[in-house]
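Peer 1: dropping the sequence and predicted coords here.
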Amino acid sequence: MDFSVEYLKLDQLRLLQSDRLKDLVGYLGERSEFYRGKFNESGIAPQDIRTIEDITKLPITYKQDLRDNYPFGLFTVPKNELQRIHCSSGTTGKPTVVGYTKEDVDLFSEVVARSLYAAGARPGMQLHNAYGYGIFTGGLGLHYGAEKLEMSVLPISGGMTARQVDLILDFKPEVICCSPSYALTIADEFANRGISAEEISLKYAVLGSEPWTEIIRGHIEEKLGLQATNIYGLSEIIGPGVSMEDFEEKGGSYIWEDHFYPEILDPITKEPVPFGEEGVLVITTLTKKAMPLLRYWTNDITSLYYDENAKRTMVKMRPIKGRADDMLIVRGVNVYPSQIEEVFSHVKGIIPNYYLTPVEKEQMCVALDIDVEIDDELVKAQKIDADTADYFNFVGSFGKNIENEIKKRVGITTKVKIHAQDSLPKCEGGKINRILKK
Ligand code: DLL
């Protein structure tokens, strides 16, 4: 595979993006009734778009636009030119539907192959693909990308953790991909069988589809003995492979911006924020054919930056803090679950398997109840038995310590309940929902 575009000089990249944006706007003007309507409404003619900087003149596209045009209203090719259809994994209402031509499937495979390479995978390695196969883009997306990189793939999909572990032991893959919460479940299964990190063949884990922070990375890397990196994407844009962390750099992810042009907009004013500041990630698909989107409002909160030590020239994004929908407002303080998870990394002895339950008073969220697990080793080191008064005193003060850290670092009141290791429900495959309703 040719990876040279990842190293293009910035001025050349901007020229490429400008040419692609002009072509895209012309293409949509010809083929999309939806965008023609939007252009007319805002008085934009395709010739008004000359460079990539003109992108801010274009209309923003929202998930609601996809819903309003369900199922195929935003497609720009006839149905017989489609090669694949996927849907987003939303749980309420009608799914959002996305279509791919053969060229789109090739593009999808290419960006996933690039991502796998950045994660450390190489041709000839074997991928244990525990992302769900089906209308979710994770399974097939990683599958085709791995084949493009000339890896072999075990299409195991999610779930049946004991069997996953058996097959990893027998087949000895070098690479695994799944959600980070499911990687934790798999790591626990190894640990419960008494299998140490050195005995596990895996070298790289390609994890995404939900927000995660360094504490989870630390646990997975330590228990499985590998390098874990973050893969990001969403169905509407293509699926996994919109951005990817490099295994030797970590900390943030390259956006494959020759195909997916990123902007960060203010969630309220919808205007671009100064470079480096946090806001909603908005992406334009520069090269897709079956369902290109202009300035798609992902609802994901992040910021962009250039990393001085980066190997590649493309811009990086920081880990997603959360979806704007997942933001809790606790007595006026905005909080994402990932911020609580981040605090856990400052308290030794937490197992980051946790759930948050908002506590409401007069329809206002006033506090959070947190259920989280404590590391068995920490309890053992106290030389106290479970279910004794000493034990309850110990976990009580451990919980208080977490409450204080959260108050200090996030500024909200919480009630933390400590549970024994392995006692809270685990991710059974797929995305985990950490916010529970009372
Ligand atoms: O989750 C695509 C995917 C599959 C990405 C496998 C990575 C790995 P959707 O089901 O459409 O697509 O959900 C997209 O999931 O808008 C984010 O809110 C969230 N998300 C995806 N990756 C990450 C990540 C896939 N690495 C939605 N970090 C997105 C945080 C993520 N959130």
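Peer 2: Right, received. Where do you want to start? Numbers count the residues shown, from 1 in each chain.
Peer 1: the ligand contacts on this structure?
Peer 2: Within the chain, the positions near the ligand by Cβ under 6 Å from any ligand atom are 88-89, 131, 136-138, 208-211, 230-235, 239-240, 298, 300, 320, 323. Placement of C-beta: from N, CA and C, glycine included.
Peer 1: show me the residues you listed that map onto helices.
Peer 2: Judged by DSSP state H, the residues of the chain next to the ligand include 137-138 as members of helices.
Peer 1: can you tell me the closest non-neighbouring residue to residue 44?
Peer 2: Spatially, and ignoring its direct neighbours in sequence, residue 44 is nearest to residue 57 (6.0 Å; Cβ to Cβ, 6 or more residues apart in numbering).
Peer 1: repeat for residue 257
Peer 2: In space, residue 257 is closest to residue 314, 5.2 Å off (Cβ to Cβ, 6+ apart).
Peer 1: now the helices for the stretch 301-438 of the chain?
Peer 2: 337-344, 376-381, 389-409 (DSSP state H, counting those that start in this stretch).
Peer 1: mind giving me the packing neighbours of the first one?
Peer 2: Here helix 337-344 is seen to pack against helix 214-224, strand 350-361, strand 364-374, helix 389-409 when contacts are counted using 3 or more Cβ pairs under 8 Å, 6 or more residues apart in numbering; DSSP states H and E.
Peer 1: ok now the last one, how far from the chain's centre?
Peer 2: When C-alpha coordinates are averaged (Cα atoms, centre = their mean, to the nearest Å), helix 389-409 and its chain have centres 31 Å apart.
Peer 1: same check, this time on the first one
Peer 2: Helix 214-224 sits 17 Å away from the centroid of its parent chain (Cα atoms, centre = their mean).
Peer 1: buried stuff in it?
Peer 2: 214-217, 219-221, 223-224 (16 or more other Cβ atoms under 10 Å).
Peer 1: that older thread, and the helices and strands packed on helix 337-344 as JSON lines, adding mean pLDDT?
Peer 2: JSON lines is the format used below for the helices and strands packed on helix 337-344 (pLDDT from 0 to 100):
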{"stretch": "helix 214-224", "mean pLDDT": "97"}
{"stretch": "strand 350-361", "mean pLDDT": "96"}
{"stretch": "strand 364-374", "mean pLDDT": "97"}
{"stretch": "helix 389-409", "mean pLDDT": "96"}
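Peer 1: make CSV out of the ones you listed and add distance to residue 270.
Peer 2: What follows is the helices and strands packed on helix 337-344, written out as CSV (distance: least, Cβ to Cβ, whole Å):
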stretch, distance to residue 270
helix 214-224, 31
strand 350-361, 27
strand 364-374, 26
helix 389-409, 30
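Peer 1: same for the strand or helix carrying residue 280, what does it pack against?
Peer 2: According to DSSP states H and E, residue 280 maps onto strand 279-285. Counting contacts by 3+ Cβ pairs under 8 Å, 6+ apart, strand 279-285 packs against helix 10-31, strand 260-265, strand 296-302.
Peer 1: give me the contact list for that strand.
Peer 2: 21, 24, 55, 58, 60, 237-238, 242, 259-267, 273, 292-303, 317, 320, 324 (Cβ atoms under 8 Å, 6 or more residues apart in numbering).
Peer 1: what about burial for the residues you listed, which qualify?
Peer 2: 21, 24, 55, 58, 60, 237-238, 242, 259-265, 273, 292-303, 317, 320, 324.
Peer 1: turn the helices and strands packed on strand 279-285 into TSV, including distance to residue 191 and mean pLDDT.
Peer 2: Listed next are the helices and strands packed on strand 279-285 as TSV, based on distance: least, Cβ to Cβ, whole Å; pLDDT from 0 to 100:
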stretch	distance to residue 191	mean pLDDT
helix 10-31	44	98
strand 260-265	37	99
strand 296-302	32	98
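Peer 1: indicate which one of those is closest to residue 184.
Peer 2: Residue 184 lies closest to strand 296-302 among these, at 21.7 Å (Cβ to Cβ).
Peer 1: with just CA atoms, put the closest one into PDB.
Peer 2: Output of strand 296-302 as PDB, limited to C-alpha atoms (Å, rounded to 0.1, in the frame of the first residue of the first chain):
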ATOM      1  CA  TYR A 296     -21.800  16.900   9.100                       C
ATOM      2  CA  TRP A 297     -22.400  17.700  12.800                       C
ATOM      3  CA  THR A 298     -21.000  14.700  14.500                       C
ATOM      4  CA  ASN A 299     -22.100  15.900  18.000                       C
ATOM      5  CA  ASP A 300     -18.800  14.600  19.300                       C
ATOM      6  CA  ILE A 301     -16.800  17.000  21.500                       C
ATOM      7  CA  THR A 302     -13.000  17.400  20.800                       C
END
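Peer 1: lovely, talk soon.
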